[in-house]
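S.K.: Below is the sequence, then the predicted model.
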Amino acid sequence: MSSVAVQLNDIAKSFGPVKALAGLTLEIKEGELVALLGPSGCGKTTALRALAGLQDLDRGQILVGGKDITFQAANHRGMGMVFQAYSLFPHMSAQENVEYGLKLKAHKVSAEDRRKKSSELLELVGLSTHAGHYPHQMSGGQQQRVALARALAIEPKVLLLDEPLSALDAKVRIQLRDEIRRIQLEVGTTTLFVTHDQEEALGIADRVGVMRDGVLQQIAVPQELYDRPTSAFVAEFVGLTNPIRGTVSGSTVSILGSQIATLPGSVTSGEGTALVRPESIRVEADPSGSAKVVTSSFLGSVCRSIVDLADGTRITAQSASSQASVLRAGTSVRVTLDTPAVFVKSL
Amino acid sequence: MSQLTQEAITGSAARGSGYRAWRRVTPYFGVLPFLTLATLFLLWPTISVMTGAFQDSKGHFTFTSVHDVWTSSTHLAIFKNTLLLSGETALIGAILGALLSYAVATGKPDGILRRIWVSATGVLAQFGGVMLAFGFVATFGFNGFITTFVKSFAPHSFFANPSWLYGITGLAFVYCFFQIPLMFIVFLPAIDNLRPNWREASDSLGGSTWEYWRRVGIPVLTPSFLGSSLLLFANAFSAYATAASLISQGSIITPLEISGSLSSETGLANAATAKALSFGMVAVVVVVMALYTLLRRKVSKWEKS
Ligand SMILES: Nc1ncnc2c1ncn2[C@@H]1O[C@H](COP(=O)(O)OP(=O)(O)OP(=O)(O)O)[C@@H](O)[C@H]1O
Ligand SMILES: [Mg+2]
């Protein structure tokens, strides 16, 4: 987890007028799992394909293990790739799919070693019993497991996953996400995981990079990205936020009667909009409170309330689920903030 | 939709089992015209040919006509000609048609060229028969414009003496003009179904272009290719109009022979011979179609995944 395995230096690519990548710089450390997160069309896939050698670049440099591979052909890069869906060879069984790379000249091994390796990998992804099944006989989740095993078979320098879970239904998605992480930690392969699902990115990655319009906005460990966004875009894209007006002076903002520290990158004076997480808002029933509960919903582990502030601002707050019975619609409440710091953007 | 079905079920239960049975068959009423048509013009003639081949003039069961026809060296030679002609034109058509569809498939998916080409082949594939034959006669025939043109400066060259056009070679040549477009049409979807992901997966796993084609591209396309070739074979095998309009004398392929024995100019029409010959053709087509169905089934499984 120390030396740099992958380096993307200021890479750019345009498709006609569309700038898919506009100078992306990113480093991935050895054995690390980095997730690239961003809205649709921000260039995540293009970045991943450029690293795989499936997409040429207009400018920039790609280094893997210190070696410049910018102009190396895809089939010499030794990268394992898992696509969104339907990438298994349909005429081969699960086992044959996994063995594919090991039959090629680039990674050729003896038939015996091939068998052994593919069996190990199918075991690793939990599909030993499906070795003889063909893709059309497997579920989407199983197919993606095989695709993962196939990519790992060549012991890739970097594992590349492009929204591998997006075609699966919610339950399988979470299960397989955790499993991908377990496997990645077990084999220790440096991994780039592309997704537009923030929960997925935060849940799986060592570090999450948020992209927008072809550049990286911020890259940090999940907790930091969530708690200390450096831009309004990241604050709003990752997790939920409530825009609440406040007055900034220096590095503090005054909102809802509290003085809260502002995060670096916030506006430094005058009026601004603080972006406050629902769980940073504390709502207490208080007959003299100036805010009113609009609705409250019990969500199992938490209670989510929609509250109208005195000035008419509508906010969403999250509290312990035990509060659900107290915070009924129409209840007068007092709203305070409970957070060390917030991001404040200009109005 | 589900609500409607629900209503239909409860309704029918209330109205008793007769109604339920009625409801069960009504959806099939829609295909009734098709079934009638198929029975009238396909099933019935086929059955009458199959049974007729084993009947004598009085309607008694006999092997005589089938035996006579299928031991006659003339009939067999012509039948072999027909098989060869169909096989050759299917092979040539399949290879050239497949290459064409590959070329078109790798182009822009909705480019103007592709659209024009797809509609043009749609017409060409159906272009067999009198028109096609006439086109060739007018071009390469004894008074065709190429022939006339070539004669004037190379009187001994191949195209100056067009008797080849009226034999099996000419027929093969002419057949290719609907075989190639037909192959193009039926094979293009198969090529379109090759997913770019497969190529990219192969590349990233270290595969060369050749390795991709050898291990993925060709194996995946093979069943479709064979299936399409069989279709082409059946198409040529049962073609009649083109040959009939091109060749006025002599029966060089079985369909011509069949028509010849049905309407002989010498007045010796022989329905029994015609039926015995047809029986042989039906048998071949049945085998070909059975193989075709098997191959289709394999491909459609892949398409599901
Ligand atoms: N081959 C291409 N030709 C033309 N435009 C392209 C091509 N590939 C990508 N683009 C454009 O480049 C931009 C970035 O595309 P990219 O696929 O990298 O986005 P993404 O972040 O992966 O989005 P998504 O979440 O929808 O997959 C998009 O506007 C896309 O339309
Ligand atoms: Mg994408």
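M.R.: Received, thanks. Residues are numbered from 1 along each chain as shown, chains lettered A, B, ... in the order given. Ligands and ions are numbered 1, 2, ... in the order given.
S.K.: For chain A, what lies in contact range of ligand 1?
M.R.: Residues of chain A lying close to ligand 1 (CB under 6 Å from any ligand atom) are A:15, A:18, A:20, A:38, A:40, A:41, A:42, A:43, A:44, A:45, A:46, A:196. All C-beta spots, glycine's among them, are computed from the backbone N, C-alpha and C.
S.K.: And the contacts of the strand or helix carrying residue A:172?
M.R.: In this structure, residue A:172 sits in helix A:170-187 according to DSSP states H and E. Residues outside helix A:170-187 that contact it (CB atoms under 8 Å, 6 or more residues apart in numbering or on different chains): A:33, A:124-126, A:139-141, A:144-145, A:148, A:152, A:159, A:161, A:164-165, A:168, A:191, A:193, A:200, A:203-204.
S.K.: what packs against the next helix or strand after it?
M.R.: Next helix or strand after helix A:170-187 toward the C-terminus (DSSP H and E): strand A:190-195. Other helices and strands packing on strand A:190-195, by 3 or more CB pairs under 8 Å, 6 or more residues apart in numbering or on different chains; DSSP states H and E, are strand A:4-15, strand A:18-29, strand A:33-37, helix A:44-52, strand A:158-162, helix A:198-204.
S.K.: can you tell me which of the ones you listed comes nearest to chain B?
M.R.: For these, the distance to chain B is smallest for helix A:44-52, at 5.5 Å, taking CB to the nearest CB.
S.K.: Is that closest one positioned near chain B?
M.R.: Yes. Using CB under 8 Å from any CB of the partner chain, helix A:44-52 reaches chain B at residue A:52.
S.K.: Need the residues that contact that helix.
M.R.: With CB under 8 Å, 6+ apart, helix A:44-52 has contacts from A:6, A:8, A:11, A:13, A:20-21, A:24, A:26, A:36-38, A:55-57, A:62, A:74, A:77, A:79, A:81, A:158, A:160, A:162-163, A:192, A:194-196, A:211, A:214, B:200, B:204.
S.K.: so that helix versus strand A:190-195, what angle?
M.R.: Computed with axes from the mean of the first three to the mean of the last three CA atoms, to 10 degrees, the direction of helix A:44-52 lies at 160 degrees from that of strand A:190-195.
S.K.: mind listing what's buried in the next helix or strand after helix A:44-52?
M.R.: Toward the C-terminal end, the helix or strand that comes next after helix A:44-52 (DSSP H and E) is strand A:59-64. Of all the residues in strand A:59-64, those buried under the rule 16 or more other CB atoms under 10 Å in any protein chain shown are A:60, A:62, A:63, A:64.
S.K.: Stretch B:234-247 now?
M.R.: By neighbour count on 16+ other CB under 10 Å, the buried set for stretch B:234-247 is B:234, B:235, B:236, B:237, B:238, B:239, B:242, B:243, B:244, B:245, B:246, B:247.
S.K.: do stretch B:112-132 as well
M.R.: If you call a residue buried by 16+ other CB under 10 Å, then stretch B:112-132 has these buried ones: B:117, B:121, B:124, B:125, B:128, B:129, B:132.
S.K.: And what about the last one, helix, strand or coil?
M.R.: In other words, residue B:132. Here residue B:132 is helix, with the state taken from DSSP: H, G, I helix; E, B strand; the rest coil.
S.K.: quick one: least confident helix or strand in chain B?
M.R.: Least confident helix or strand of chain B, by mean pLDDT, DSSP states H and E, is helix B:2-14 with a mean of 44.
S.K.: Please parse chain B into its domains.
M.R.: B:1-52, B:63-304 (automatic domain parsing).
S.K.: Could you count how many residues lie near residue 210?
M.R.: Picked chain A for this. Residues lying near residue A:210 (other CB atoms under 10 Å in any protein chain shown) number 25.
S.K.: meant chain B, my bad for not saying
M.R.: When neighbours are counted by other CB under 10 Å, residue B:210 registers 10.
S.K.: separation between residue B:212 and residue B:220?
M.R.: Counting by CB to CB, to the nearest Å, the gap from residue B:212 to residue B:220 is 10 Å.
S.K.: Please enumerate the shared neighbours of these two.
M.R.: With CB under 8 Å, 6+ apart, residue B:212 and residue B:220 have common neighbours residue B:198.
S.K.: Residue A:284 belongs to a strand?
M.R.: Yes. The assignment for residue A:284 is a strand, going by three-state DSSP.
S.K.: Tell me who's in contact with it.
M.R.: A:333, A:334, A:336.
S.K.: Out of those residues, give me the one that has the most neighbours.
M.R.: Result: residue A:333 is most packed of the contacts of residue A:284 (other CB under 10 Å), 23 neighbours.
S.K.: From what I see, it and residue A:287 are in contact.
M.R.: No. Using CB atoms under 8 Å, residue A:333 makes no contact with residue A:287, being 9.5 Å away.
S.K.: Show residues contacting stretch A:217-234.
M.R.: Against stretch A:217-234 from outside (CB under 8 Å, 6+ apart): A:26, A:34, A:201-203, A:205-212, A:235, A:238-239, A:263-265, A:275, A:341, A:343, A:345.
S.K.: if you set the cut-off to 7 Å instead, what comes out?
M.R.: The contact list for stretch A:217-234 (CB atoms under 7 Å, 6 or more residues apart in numbering or on different chains) reads A:26, A:202, A:205-212, A:235, A:238-239, A:263-265, A:275, A:341, A:343, A:345.
S.K.: what comes up buried for that stretch?
M.R.: Neighbour counts over stretch A:217-234 (16+ other CB under 10 Å) mark A:217-220, A:222, A:225-234 as buried.
S.K.: How about stretch A:296-310?
M.R.: A:296, A:302, A:303, A:304, A:305, A:306, A:307, A:308, A:309.
S.K.: Show residues contacting that stretch.
M.R.: Contacts to stretch A:296-310, defined as CB under 7 Å, 6+ apart, come from residues A:278, A:283, A:290-295, A:314-321, A:323-324, A:327-329, A:333, A:335.
S.K.: redo that, cut-off 6 Å
M.R.: Residues outside stretch A:296-310 that contact it (CB atoms under 6 Å, 6 or more residues apart in numbering or on different chains): A:283, A:290-295, A:314-319, A:321, A:323-324, A:327.
S.K.: if we can go back for a sec, for residue B:296, which of the helices and strands packed on strand A:190-195 is the nearest?
M.R.: strand A:158-162 (32.5 Å; CB to CB).
S.K.: Tell me if that closest one is near chain B.
M.R.: No. If you take CB under 6 Å from any CB of the partner chain as the test, strand A:158-162 misses chain B, and the best it gets is 7.7 Å.
S.K.: tell me the angle that strand makes with strand A:190-195.
M.R.: Strand A:158-162 and strand A:190-195 are oriented at 10 degrees to each other (the same axes, to 10 degrees).
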